[in-house]
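J.: could you look at this predicted model? Sequence included:
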Amino acid sequence: MKIAIVHYWLVGMRGGEKVVEALCGMFPDADLFTHVYKPSAISDAINAHRVQTSFVSRLPFATTRYRSYLPFMPLATEQFDLRGYDLIISSESGPAKGVIPPPHSVHICYCHSPMRYVWNMFHDYRDASGPLTKWLMPPVAHYVRNWDAVSASRVHFFVANSRNVAARLRTYYGREAAIIYPPVDVGSFAPVAPDEVCDYWLMVGELVRYKRPDLAVQAFNKSGRRLVVIGGGEMLKEIRAIAGPTVQVLGPQPAAALVHHYAHARALIFPGEEDFGIVPVEAMASGRPVVAYARGGATESILDGVTGVLFRDQTVDGLNAAVEHCEQMTFDPGVIVERAKQFSVQRFTEQMKAFVGEKLLTRDELVQRGVERTPAR
């Protein structure tokens, strides 16, 4: 069986790329298709596969300015030649699922989210853009949005990374989806003895607006509690500029430093809304509770009052009240770690293998009966 894995871009190892890495482990002979590829920023497990890029990769500064080329990606996606492939798995939160599958293949889309730029976060991205981009975004997004909705019909089966994303698929595409949580390498993290836990709180992640690092910094500036911020991104300079004396902004850190900070923090601060959110699971795998905004994927991974605290008032005072509540609680690291294991790489692999196997059998049965397949709704 010939297998293709389609991913929007391979320029770093974030949550979407971790899913691709797990898929590569499941299908060691699969070929990869993507718009932009930076081998030095990608894991050996992915680099071991044959990777084919679209014409977007040949545009100026493609590995750093790839989001600027979003208007070209629908056309580029449709030019991938997937003739001869029996199984296509697209990893979607950018233009990936819009490939044109051969008639007798099975196309399964693992969806991290419908494209945020044109759907649920369109106005957030537009508000944060410069004058020219703000002016161009409505017509460009209208075109991409229409293409994106139409291209959903090319997917035979959807898998969502959370109930949160499944609801978006229902709203934007009118499609139902199975739910399989993304893989988290929980075995790379471990708790420390209680007397080794330090008196700081931790925020981890790319510093972009929807993750609300500004809210975390402002809250800890006001309360005077210690906060350590780990991560790079477009807001790094801004976050360093507004950080008060009790906030330490470390920027990007190697894996060993991240493991250390997770295990020794009082708790993780997670103030934004995520599709699922791998960072809270990594913190829980380290035995540490999570203080998270009570929307999005955090509500599916964190057990309020057991593995962390969920807050609903996304303000400085709301976050500080949740932190104060967390200080007054006692958490069992063993229980927190066991919860994190529910989102392991092994569990993801087992569930995806079962789902793919079931859908391939469905294809074989239909082909034998001479029935033309249509996307499942």
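T.: Happy to help now that I have it. Numbering: from 1, shown residues only.
J.: mind checking pLDDT for the residue lying closest to residue 87 once chain neighbours are set aside?
T.: Of all residues not flanking residue 87 in the chain, residue 3 sits nearest, at 4.7 Å (Cβ to Cβ, 6 or more residues apart in numbering). The way it works is simple: take the backbone N, C-alpha and C, and place the C-beta from them, glycine included. Residue 3 is assigned 97 on the pLDDT scale.
J.: again with residue 121
T.: pLDDT, residue 121: 85.
J.: quick one: neighbours of it, just the number.
T.: For residue 121, the neighbour count with other Cβ atoms under 10 Å is 16.
J.: start the count at 35 instead of 1 going forward.
T.: Renumbered: residue one is now 35, and that last one reads residue 155.
J.: surely it meets residue 244?
T.: Yes. Counting by Cβ atoms under 8 Å, residue 244 is a contact partner of residue 155 at 6.0 Å.
J.: joint contacts of the two?
T.: The contact sets of residue 155 and residue 244 do not overlap (Cβ atoms under 8 Å, 6 or more residues apart in numbering).
J.: which residues in the stretch 235-384 of the chain form strands?
T.: 235-238, 261-264, 281-285, 302-304, 324-327, 342-345 (DSSP state E, counting those that start in this stretch).
J.: which helices and strands sit right next to the longest one?
T.: Packed against strand 281-285 by the contact rule (3 or more Cβ pairs under 8 Å, 6 or more residues apart in numbering; DSSP states H and E) you find helix 247-257, strand 261-264, helix 270-276.
J.: got it, and the last one?
T.: Contact partners of strand 342-345 among helices and strands, from 3+ Cβ pairs under 8 Å, 6+ apart: strand 324-327, helix 350-361.
J.: burial of residue 231, as a residue count?
T.: Residue 231 - counted by other Cβ under 10 Å - has 17 other residues nearby.
J.: doesn't residue 296 make contact with it?
T.: No. Residue 231 sits out of contact with residue 296 when judged by Cβ under 8 Å, with a separation of 11.0 Å.
J.: residue 189 and residue 123, how far apart?
T.: According to Cβ to Cβ, to the nearest Å, residue 189 stands 10 Å off from residue 123.
J.: who touches both of those two?
T.: 141-143.
J.: before we move on, back to that, and for residue 231 and residue 296, which residues touch both?
T.: In contact with both residue 231 and residue 296: residue 322, using Cβ under 8 Å, 6+ apart.
J.: ok, back up a step: got the helices and strands packed on strand 281-285 as JSON lines, with mean pLDDT columns?
T.: Listed next are the helices and strands packed on strand 281-285 as JSON lines, based on pLDDT from 0 to 100:
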{"stretch": "helix 247-257", "mean pLDDT": "98"}
{"stretch": "strand 261-264", "mean pLDDT": "98"}
{"stretch": "helix 270-276", "mean pLDDT": "97"}
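J.: nearest to residue 47, of these?
T.: Closest of the helices and strands packed on strand 281-285 to residue 47 is strand 261-264, at 15.0 Å (criterion: Cβ to Cβ).
J.: partner strands of the closest one, parallel or antiparallel?
T.: Take DSSP bridges as the rule and strand 261-264 pairs in its sheet with strand 235-238 (parallel), strand 281-285 (parallel).
J.: please state the offset of that strand from the chain centre?
T.: 20 Å (Cα atoms, centre = their mean, to the nearest Å).
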